[in-house]
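Enquirer: the sequence isn't on hand, but the structure is:
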């Protein structure tokens, strides 16, 4: 990876693990496109693609990746559901955490903080435990109980922050400003290559590229990572073009929808209202330009789902055998709305397990 500041162009430091540029406060990103290489048959999970991921040191793994791609019928069409909730901690975040924590280990990090609505925090806590890193995770007080418990079970310190989801991010930044290593899944770019492996697996499992792919979008890291993965395969001649990328948001907090359709002025109308799709409650995505560009370049778009349609979507997925949390269930209404315009084969990414949301007896 050739990571540089997107604002001033300075390279990522050779020592330490800053979450933003120490000189100007800009966001770091990898300026070199991923290079596709054939998977290593002697490795498992995402590390089958270790030549593409290029880990700086030892690989931290809990067996993430190689999740099922399951076919089901929807409106007389064959739809393929990528079951990312089958990852070790129950969400797609594990692909990114494996790559990010491997980087932290290469920099000698022994303590780190993170902020999360739940899934990223649980994933980071698990991989930090695996690597021997002491973790502190800031979560909003509204975070689902199972996720809160899961983070603590891995041995991480859980800090519940009153207020909106963004308040947890501010608290983590304050800890970083006081000297803590901020292992941010939003600021640091190292997890994006991990998400790209989702694209690699889908092409392998379909024996070709999808025509369109739908996924929930908060920060938009999964969409961005997959888009970069498809681009790497396109540039290598493995696939002809990047599939149509569709990002699905909750209507009460849909900044990517507003930005892509209206522009910067549209962000002034975005709220951070409460939603059962807590995993996408992100008012100001840090890589908004990059995420929007890769979606639009694919011929895709962002769509917003009304709050009243989320839980019925979850229940519809359950009746097909897919038990997911409400954040994942956003894709159902997106699929129902857009399917007539989507090219086959259509892949829907189910990002998080239903076991992670509230208690099993709650609606």
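Expert: Here it is on my side, so go on. Since the structure is predicted, the reported quantities are computational estimates derived from the model, not experimental observations.

Enquirer: so which bits of the helix or strand hosting residue 289 are buried?
Expert: Counting by DSSP states H and E, the element that carries residue 289 is helix 288-297. Buried residues in helix 288-297, counting neighbours by 16 or more other C-beta atoms under 10 Å, are found at 288, 290-292, 294-295. The C-beta positions use only the backbone N, C-alpha and C, and glycine is treated the same way.

Enquirer: adding pLDDT and distance to residue 216, write these out as a markdown table.
Expert: Formatted as a markdown table, those follow (pLDDT from 0 to 100; distance: C-beta to C-beta, whole Å):
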| residue | pLDDT | distance to residue 216 |
| --- | --- | --- |
| 288 | 96 | 16 |
| 290 | 96 | 18 |
| 291 | 98 | 13 |
| 292 | 97 | 16 |
| 294 | 98 | 16 |
| 295 | 98 | 13 |
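
Enquirer: pick out whichever of these sits closest to residue 3.
Expert: Nearest to residue 3 among the buried residues of helix 288-297: residue 290, at 13.7 Å, using C-beta to C-beta.

Enquirer: residues in contact with that closest one?
Expert: By C-beta atoms under 8 Å, 6 or more residues apart in numbering, the contact list for residue 290 reads 29, 224.

Enquirer: let's see it at 10 Å
Expert: Residues in contact with residue 290, defined by C-beta atoms under 10 Å, 6 or more residues apart in numbering, are 6, 27, 29, 189, 192, 220-221, 223-224, 227-228.

Enquirer: likewise residue 304?
Expert: 248-254, 256-258, 261, 330, 333-334.

Enquirer: where does the prediction get shaky in the protein?
Expert: Scanning the chain for pLDDT under 70 picks out 359-363.

Enquirer: where is the longest helix in it?
Expert: Looking across the chain with DSSP state H, the single longest helix is helix 190-206.

Enquirer: other SSEs contacting the helix or strand following it?
Expert: Using DSSP H and E, the next helix or strand after helix 190-206 towards the C-terminus is strand 212-216. On a contact count with 3 or more C-beta pairs under 10 Å, 6 or more residues apart in numbering; DSSP states H and E, strand 212-216 meets strand 77-83, helix 190-206, helix 221-235, strand 244-250, helix 326-338, strand 346-350.

Enquirer: again, only using 6 Å
Expert: Contacts defined by 3 or more C-beta pairs under 6 Å, 6 or more residues apart in numbering; DSSP states H and E place strand 212-216 against strand 244-250, helix 326-338, strand 346-350.

Enquirer: now render these as CSV, adding mean neighbour count.
Expert: Below are these laid out as CSV (neighbours: other C-beta atoms under 10 Å):
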stretch, mean neighbour count
strand 244-250, 28
helix 326-338, 25
strand 346-350, 26
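
Enquirer: which of these sits closest to residue 53?
Expert: Nearest to residue 53 among the helices and strands packed on strand 212-216 is strand 346-350; the distance by C-beta to C-beta comes to 19.5 Å.

Enquirer: please name every helix or strand in contact with that closest one.
Expert: Judged by 3+ C-beta pairs under 6 Å, 6+ apart, strand 346-350 is in contact with strand 77-83, strand 212-216, helix 326-338.

Enquirer: contact partners of the longest one?
Expert: Contacting residues not belonging to helix 326-338 are listed as 214, 216, 248, 276-277, 279-280, 303, 305, 309-310, 313-314, 316-317, 348, 350-352 [C-beta atoms under 6 Å, 6 or more residues apart in numbering].

Enquirer: run the chain-centre distance for that helix.
Expert: With C-alpha atoms, centre = their mean, to the nearest Å as the basis, helix 326-338 stands 16 Å off its chain's centre.

Enquirer: quick check: angle from it to strand 244-250?
Expert: 120 degrees (axes from the mean of the first three to the mean of the last three C-alpha atoms, to 10 degrees).

Enquirer: what angle sits between the longest helix of the chain and helix 288-297?
Expert: Using the same axes, to 10 degrees, the direction of helix 190-206 lies 20 degrees away from that of helix 288-297.

Enquirer: relative to helix 221-235, how tilted is helix 190-206?
Expert: Going by the same axes, to 10 degrees, helix 190-206 makes 60 degrees with helix 221-235.

Enquirer: how far does helix 190-206 sit from the chain's center?
Expert: 12 Å.

Enquirer: and the helices in the chain?
Expert: Counting by DSSP H, the chain has helices at residues 50-53, 93-106, 119-131, 145-153, 165-177, 190-206, 221-235, 255-261, 288-297, 310-318, 326-338.

Enquirer: show residues contacting the first one.
Expert: Among residues not part of helix 50-53, those counted as contacts by C-beta under 6 Å, 6+ apart are 34, 37, 193.

Enquirer: for burial, what's the neighbour tally of the residue nearest to residue 78 when sequence neighbours are not counted?
Expert: Of all residues not flanking residue 78 in the chain, residue 71 sits nearest, at 5.8 Å (C-beta to C-beta, 6 or more residues apart in numbering). As a burial measure, residue 71 scores 9 neighbours (other C-beta atoms under 10 Å).

Enquirer: what residue of the chain is the furthest out?
Expert: Computed with C-alpha atoms, centre = their mean, the residue of the chain farthest from its C-alpha average is residue 76, at 29.7 Å.

Enquirer: find the residue at the geometric middle of the chain.
Expert: Centroid-nearest residue in the chain: residue 222, 3.8 Å away (criterion: C-alpha atoms, centre = their mean).

Enquirer: buried residues, stretch 76-90. List them.
Expert: 79-90.

Enquirer: sounds good, over and out.
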